[in-house]
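Asks: Predicted model, plus sequence, below.
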Protein chains: 2
Amino acid sequence: MLRVLVVDDQALVRRGFAMVLGNESDIEVVAEAGDGLEAIDAARAHKPDVILMDIRMPELDGLESTARILAEVGDETRIIILTTFDPDEYIYRALRAGASGFVLKDIPPEALVAAVRTVAAGGAMLDPTITRRLIARFAGDLGTEQDYGERLERLTAREREVLEAIADGKSNLEIADALFIGPATVKSHVSSVLSKLGLRDRAQAVVFAYECGLAKVGARDVGF
Amino acid sequence: MLRVLVVDDQALVRRGFAMVLGNESDIEVVAEAGDGLEAIDAARAHKPDVILMDIRMPELDGLESTARILAEVGDETRIIILTTFDPDEYIYRALRAGASGFVLKDIPPEALVAAVRTVAAGGAMLDPTITRRLIARFAGDLGTEQDYGERLERLTAREREVLEAIADGKSNLEIADALFIGPATVKSHVSSVLSKLGLRDRAQAVVFAYECGLAKVGARDVGF
DNA sequence: ACGCGTCTCCCCCAAAAGTCGGAGTTGCGC
DNA sequence: GCGCAACTCCGACTTTTGGGGGAGACGCGT
């Protein structure tokens, strides 16, 4: 039996989802919550298998609640984020917060039920448009390497090293130390890099490095 | 009416999928193919809306076929990759090849039908385990959101705007123009941002913006 | 031997960036 | 009204950056 917690600030919406899920023989709605704080309490008390979490709520929004519940109650609880609106602004935060699902509220009832079962089984369920975006992003990690790769190939090996160092947030002096060369040499290389890539300054070089895949998000600590 | 092409080297499997899909009133199986080359011919001839493509086939495997079909016939044709085995080794190549879906063959019939409709509508459908893996990869396998999120929240709204502009490769003067404020003000904000985030210069700010998700790879052109 | 590209380094110079301290304005909450 | 935070600006200062030359050394291919 899958034990589910439904969280939404609108009682009607809450009841609707609870009703749909409750009709399934293998699903039981163990609690409902009207805001983020209630959600955390309920999660703590009932330790549900799956939480349906609205994103826009008073007190504490769904994303913050998600993060706290996963941190506190444990990640054997799966959370599906629900939203009415365009997910663009929230989706990234939701995924980072640890959500297992992200669906629009206009999802067909059967699909919602399927989503609950899917995430309970350890899978993840995203709205198709979001999935497509994730794929594009994933494929883009290497897909665009070809495009910008051309520009990258105009650089010499040493220049690429310097560019990497720039993308690491290093100053010219730090780069000099790291590569065992003089500061003047670094400046030469930096100038070549900027000129060859058509960039203006090292900040743009950092952007370029990320966009072309030379630098990858998550591949470093931002400790500085 | 959705026009579908089914590609699999095993005739029985092929017929099975065709049968399931053909029973739907809004889906028509316009052709079947037994290997990659046949698939390309059939795709060229029928220009189907959706192709169900087995991954293991003689002559030309499903991934190579996918890439060629998308390049040749055009990307208004959506392709779903089917596999019996653990998708780990193929998924990466499949997504890069441009597939809109990737599902295991033991998918329930209704789910397969839903997948066809989903990708035809421009969405994407992945096996839940794959979706989870994509999310994990995207999120960097780490709950880093909180770390950087906290640091981001120390910034005022205006400072975040400035940081975004920095991450866009803009100079102080360009930022001033973009935000309709004086250059001196920009410098103030930049100083605040750097100091609050513990960064040294704008290049590190760009790195930070990418790492914390404020700036997104692929969300811009590196035209400068 | 010669040219070529790369790596190394130098000087000078101008522009941009960043720091420091100060200061006026608004708006918001107590 | 008062404190406070945020947004806005200023001026002067130091540091960093980037450009424009140039130059020596090395290796590589013709």
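Replies: Structure's in. What do you need? If you're wondering where the values come from, they're calculated on a predicted model, not measured in any experiment.
Asks: The host helix or strand of A:A205 to helix B:202-211, inter-axis angle?
Replies: Using DSSP states H and E, A:A205 sits within helix A:202-211. Per axes from the mean of the first three to the mean of the last three C-alpha atoms, to 10 degrees, the angle that helix A:202-211 makes with helix B:202-211 is 30 degrees.
Asks: Check which helices and strands helix A:202-211 sits against.
Replies: Packing partners of helix A:202-211 (3 or more C-beta pairs under 8 Å, 6 or more residues apart in numbering or on different chains; DSSP states H and E): helix A:128-153, helix A:157-166, helix A:183-197, helix B:202-211. All C-beta spots, glycine's among them, are computed from the backbone N, C-alpha and C.
Asks: Flag every residue of chain A that's near DNA strand C.
Replies: Residues of chain A lying near DNA strand C by C-beta under 7 Å from any atom of the strand: A:156-159, A:176, A:179-185, A:187-189, A:201, A:203.
Asks: swap the cut-off to 10 Å and go again
Replies: Residues of chain A found near DNA strand C (C-beta under 10 Å from any atom of the strand) are A:154-162, A:171, A:176, A:179-189, A:191-193, A:196, A:200-204.
Asks: Enumerate the residues of chain A near DNA strand D.
Replies: A:162, A:166, A:169-176, A:183-195, A:198-206.
Asks: can you do 6 Å?
Replies: A:171-173, A:187-188, A:190-191, A:194-195, A:201-202 (C-beta under 6 Å from any atom of the strand).
Asks: and stretch A:78-92, what's its mean pLDDT?
Replies: Average pLDDT, stretch A:78-92: 77.
Asks: For chain A, give me the ranges with low pLDDT.
Replies: Within chain A, the ranges that satisfy pLDDT under 70 run A:85-89, A:137-151, A:218-224.
Asks: let's see 50
Replies: Counting by pLDDT under 50, the ranges of chain A that qualify are A:141-146.
Asks: Quick one: end-to-end distance for stretch A:99-109.
Replies: In terms of C-alpha to C-alpha, to the nearest Å, the two terminal residues of stretch A:99-109 are separated by 20 Å.
Asks: Is chain B within reach of it?
Replies: Yes. Judged by C-beta under 8 Å from any C-beta of the partner chain, stretch A:99-109 comes into contact with chain B through A:S100.
Asks: List the buried residues of that stretch.
Replies: A:99-103, A:105, A:107 (16 or more other C-beta atoms under 10 Å in any protein chain shown).
Asks: which two in those residues are spaced the farthest apart?
Replies: For those, the farthest-apart pair by C-beta to C-beta is A:S100 and A:K105; their separation is 17.1 Å.
Asks: Write a ChimeraX command that selects only the buried members of the residues of chain A next to DNA strand D.
Replies: Here is the ChimeraX command that selects the buried residues among the residues of chain A next to DNA strand D (16+ other C-beta under 10 Å):
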select /A:171,172,190,194,202
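Asks: right, and the pair among the residues of chain A next to DNA strand D with maximum separation?
Replies: Top of the distance list for the residues of chain A next to DNA strand D (C-beta to C-beta): A:L173 and A:S195, 21.1 Å.
Asks: Among the helices and strands packed on helix A:202-211, show me which one is buried the most.
Replies: Sort the helices and strands packed on helix A:202-211 by mean neighbour count, taking mean count of other C-beta atoms under 10 Å in any protein chain shown, and helix B:202-211 sits at the top with a mean of 26.
Asks: what's it in contact with?
Replies: Residues outside helix B:202-211 that contact it (C-beta atoms under 8 Å, 6 or more residues apart in numbering or on different chains) are A:166-169, A:202-203, A:205-207, A:210, A:215, A:217-218, A:220, A:222, A:224, B:144, B:148, B:163-164, B:166-167, B:169, B:190, B:193-194, B:197, B:199, B:214-217.
Asks: ok so, going back, which among the buried residues of stretch A:99-109 gets closest to DNA strand D?
Replies: Checking the buried residues of stretch A:99-109 against DNA strand D with C-beta to the nearest atom of the strand, the nearest one is A:A99 at 28.9 Å.
Asks: From A:D61, how far out is that closest one?
Replies: 13 Å (C-beta to C-beta, to the nearest Å).
Asks: again, but for A:V207
Replies: Distance, A:V207 to A:D61, using C-beta to C-beta: 30 Å.
Asks: likewise A:D106?
Replies: The value you get for A:D106 to A:D61, if C-beta to C-beta is used, is 20 Å.
Asks: could I get the buried residues of stretch A:99-109 as TSV with secondary structure?
Replies: Converted to TSV, the buried residues of stretch A:99-109 look like this (DSSP: H, G, I helix; E, B strand; the rest coil):
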residue	secondary structure
A:A99	coil
A:S100	coil
A:G101	strand
A:F102	strand
A:V103	strand
A:K105	coil
A:I107	coil
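Asks: Now do the helix holding A:A205: distance to the chain's middle.
Replies: 21 Å (C-alpha atoms, centre = their mean, to the nearest Å).
Asks: Give me the angle between that helix and helix A:183-197.
Replies: 60 degrees.
Asks: thought A:A115 was touching A:V103?
Replies: Yes. Counting by C-beta atoms under 8 Å, A:V103 is a contact partner of A:A115 at 6.0 Å.
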